[in-house]
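Trainee: predicted structure and sequence below. I'll ask about it afterward.
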Amino acid sequence: MCPMSLRAYDVRQESSMNLPLDFNDRAGLKPVDRVFKAEITNVIRLTEMEKLFHLRIEDDADRGRFTFLPGQFVMIEVPGYGEVPISISSSASNKGYIELCIRNAGTVTNALHRARRGAKVGIRGPFGTHFPLQRMKGQSVLLIAGGLGLAPLRAPIYYVTENRSEFKDVHILYGTKSRQQLLFDYQYESWRRIDDVNIQIIVEEPDDSWTGPVGMITDLLDDVRVDPNETYAVVCGPPVMFKFVCQRLNRMGIPMDRMFVSLERRMQCGMGKCCRCNVGATYTCTDGPVFDYWSVINLKEAI
Amino acid sequence: MTILGAWPMLFKILGKGEFRSLVEIILEFNEIIAPKKIGNKADGEPIHQFLPINAFEEMDLDYRTTEFSAKTYFLPYRENLCKFRFGDDDWDQEIAYRIQPRAIIGLRAYDINALVKLDKVFIRGQFPSPYYISRRENTFVVGLDHVPLEDEFSQSMGADIVTHGFDLFLTDLDDRYFVAIASDRGFNLLNRVETQEVTDDDTQDYKDARQRILDGFKTHINVHNLPNLLDLEFTSEVWKKWGAKCLSCGSCAMVCPTCYCYGVREEVSMDFTEATRVKQLYSCNLLDFAEVAGGHNFRPDQETRLKYRYYHQHRGFVEDYDEPKCVGCNRCGRVCLAGINPAAVIKDLYEENF
């Protein structure tokens, strides 16, 4: 009798495993922990706490294949430190090139803040849901951010400004606590110069040099006139902020399923496995991070 | 994908001596994991664990339960996901999967059903996990049913019957085994020893054996409409009552056959030449489970964390996969240092005892 050895099954022989990595094709089995190697091509200081990193995927073929939709996030890997989920802040029309606005808040982000241009990091993704900008075409759009919320909102802002003719009225509203915390302050002027885009910036605690409006982000909504039946809103910021903004928008008559917010949770995988971002039955990584407001208020203890 | 292909179920009769030959045939060239007695508790009850065996005699197939589930052979407590090797201003990533075949013998129906639930998460999901698949596909599963422990409620959870997710499943008919065959590799292996066709007497004995197992269930819990009840009782005082007892130690998740939450961290070698990404199982009861950057914790108290464990078991998983995640083995109830057991918690929810 010949020896009875159980036959070894090599997962790498699965045909789709041998195909090039493509996270947008989710049907097949992929080496899910493989990262795209990316070079930090540029570092821009935004505030004391936040830096903007320009990243370009190194491999030419991978770069051509890496696409994302506004609102999606990537897991950024600093070998030896770990991995964190970060929303993409750049225009989705650039292939294989992304910009990430990162606050110095923990081990990995601190290591990133010490990194210089030329350093190589890893990227997995893109993951998650996106803002349904296709559905918003032909309608008015309110893009509202508070604090660090401008980071995820910058991708839809690029989309709307690059395709301005496809939308009716466009309002960009942004508020922070102080002038020093304003992100991307060098860009407001370029957005303001776009024909027929209303951009308003408000700060809560101004210093002497501030000449703009003072108050809460909701104050800016006083002057916004839109037809609530033909308007979509994208709201990014801390939960307490988007709660007040969405309640206010709802009073203006905008239905809750036409307001979109982006949630934040701790994540370890990005693929609906580690459960760390779980809210009830919902995974922030695969069912989100973009949710309509109706879903958010029905998620127990989501905000 | 060839993963866990479905076969029409075949049945055979296997003598106990032949079963021993079968185990020895596998053992000659492969690792076997089986229930093994490792000691006694203070009250004299034996302690069993799923461990590698070197001889047929080391197995104790009459075991009542194991302290830990067999999950550890599919989702190890610690697993290396990949390595980063550092060079000059650069690094390379290296990924390896475990492909060494092995057999697990003696899994109860609820433990196989637990694997079937994990398959749904790690194989059938949006992002199939190659780490899990390579372990699952390379494990030959031989199940064996037995009269349950008094506190088990797998029958209430619908996990006492198993129809797939194994290679061979045995039912003890005293002097012989009634074997269900669910895979081609199981069929091929069984062909190495002598088997008999199933007669009418065998079928009757099998039905009687199943009835004895069914009659053995002494704990029954009401889970009718439980997902809706959980939503209804979200702010119930019952969570305060049980939450006050919880020590947030995470033991329940460690012994659970279906708990799969994890954390990932990176370890740098002493000479700074490489880093390893390590996945480590976690528990939703641990204090920092839902803590985010900046220090905000979405579930700061033990009551909320305990509640979320029940929510994932009996509410969240149902929404995603149309069945509860719990298989009713009650390992968590036995291991809990604070005496929290799911049968009592769920009963309190129904009866509003607080």
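Mentor: Here it is on my side, so go on.

Trainee: any bit of the one helix or strand A:Met241 maps to sitting next to chain B?
Mentor: Mapping A:Met241 onto the secondary structure by DSSP states H and E places it in helix A:239-251. No. Using CB under 8 Å from any CB of the partner chain, helix A:239-251 never reaches chain B; the gap is at least 9.3 Å. C-beta here means a position set from N, CA and C on the backbone, and glycine is covered the same way.

Trainee: report the buried residues of that helix.
Mentor: A:Met241, A:Phe242, A:Lys243, A:Phe244, A:Val245, A:Cys246, A:Arg248, A:Leu249, A:Asn250 (16 or more other CB atoms under 10 Å in any protein chain shown).

Trainee: didn't the second one look like it was pressed against A:Val234?
Mentor: No. With contacts counted by CB atoms under 8 Å, A:Phe242 stays clear of A:Val234, the gap being 10.0 Å.

Trainee: and for these two, which residues touch both?
Mentor: A:Val261 (CB atoms under 8 Å, 6 or more residues apart in numbering or on different chains).

Trainee: tell me the helices and strands packed up against the helix holding A:Met241.
Mentor: strand A:140-146, strand A:231-236, strand A:259-262, helix A:293-298 (3 or more CB pairs under 8 Å, 6 or more residues apart in numbering or on different chains; DSSP states H and E).

Trainee: quick one: residues in contact with that helix.
Mentor: A:142, A:144, A:146-147, A:149, A:216-218, A:221, A:233, A:235-237, A:256, A:259, A:261, A:293, A:303.

Trainee: just the mean pLDDT for that helix, thanks.
Mentor: Helix A:239-251 comes out with an average pLDDT of 89.

Trainee: narrow the contacts of helix A:239-251 to those that are buried.
Mentor: A:142, A:144, A:146-147, A:149, A:217-218, A:221, A:233, A:235-237, A:256, A:259, A:261, A:293, A:303.

Trainee: which among the buried residues of helix A:239-251 gets closest to chain B?
Mentor: A:Met241 (14.0 Å; CB to the nearest CB).

Trainee: count of neighbours near residue 272?
Mentor: No chain was given, so I picked chain A. Around A:Gly272 there are 21 other residues, counting by other CB atoms under 10 Å in any protein chain shown.

Trainee: wrong one, I was asking about chain B
Mentor: The number of residues packed near B:Phe272 is 9, by other CB under 10 Å.

Trainee: quick check, it in contact with B:Gly87.
Mentor: No. At 11.7 Å, B:Phe272 does not count as touching B:Gly87 under the criterion of CB under 8 Å.

Trainee: still on that earlier bit, in a markdown table: the helices and strands packed on helix A:239-251, plus distance to A:Thr161 and mean pLDDT.
Mentor: Converted to a markdown table, the helices and strands packed on helix A:239-251 look like this (distance: least, CB to CB, whole Å; pLDDT from 0 to 100):
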| stretch | distance to A:Thr161 | mean pLDDT |
| --- | --- | --- |
| strand A:140-146 | 10 | 93 |
| strand A:231-236 | 13 | 93 |
| strand A:259-262 | 18 | 92 |
| helix A:293-298 | 24 | 87 |
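
Trainee: for chain B, which of the ones you listed is the nearest?
Mentor: Using CB to the nearest CB, the helices and strands packed on helix A:239-251 put helix A:293-298 closest to chain B, at 10.1 Å.

Trainee: elements contacting that closest one?
Mentor: helix A:239-251, strand A:259-262.

Trainee: in PDB, list the C-alpha atoms belonging to the longest one.
Mentor: The C-alpha atoms that make up helix A:239-251 are tabulated as PDB, following Å, rounded to 0.1, in the frame of the first residue of the first chain:
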ATOM      1  CA  PRO A 239     -20.100  63.700  14.800                       C
ATOM      2  CA  VAL A 240     -21.300  66.600  16.900                       C
ATOM      3  CA  MET A 241     -20.900  68.900  13.900                       C
ATOM      4  CA  PHE A 242     -22.600  66.800  11.200                       C
ATOM      5  CA  LYS A 243     -25.400  66.000  13.600                       C
ATOM      6  CA  PHE A 244     -26.200  69.800  14.000                       C
ATOM      7  CA  VAL A 245     -25.700  70.500  10.300                       C
ATOM      8  CA  CYS A 246     -27.800  67.600   9.100                       C
ATOM      9  CA  GLN A 247     -30.700  68.500  11.600                       C
ATOM     10  CA  ARG A 248     -30.500  72.000  10.200                       C
ATOM     11  CA  LEU A 249     -30.500  70.800   6.600                       C
ATOM     12  CA  ASN A 250     -33.500  68.600   7.400                       C
ATOM     13  CA  ARG A 251     -35.400  71.600   8.700                       C
END
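
Trainee: returning to that earlier point: nearest to B:Tyr97, out of the helices and strands packed on helix A:293-298?
Mentor: Taking CB to CB, strand A:259-262 is the member of the helices and strands packed on helix A:293-298 nearest to B:Tyr97, at 34.0 Å.

Trainee: what's the first helix or strand after the closest one?
Mentor: Using DSSP H and E, the next helix or strand after strand A:259-262 towards the C-terminus is strand A:278-279.

Trainee: what ranges do the helices span in chain A?
Mentor: Ranges of helices within chain A are A:15-18, A:60-65, A:107-114, A:150-162, A:188-192, A:239-251, A:293-298, based on DSSP state H.

Trainee: buried ones in the first one, by neighbour count?
Mentor: For helix A:15-18, a neighbour-count test (16+ other CB under 10 Å) marks A:Met17 as buried.

Trainee: repeat for the third one
Mentor: Neighbour counts over helix A:107-114 (16+ other CB under 10 Å) mark A:Val108, A:Thr109, A:Ala111, A:Leu112, A:His113 as buried.

Trainee: on contacts alone, who are the packing partners of that helix?
Mentor: By 3+ CB pairs under 8 Å, 6+ apart, helix A:107-114 packs against strand A:50-57, strand A:73-78, strand A:82-87, strand A:97-103.

Trainee: and for the shortest one?
Mentor: When contacts are defined as 3+ CB pairs under 8 Å, 6+ apart, helix A:15-18 packs onto no helix or strand at all.

Trainee: great, nothing more from me.
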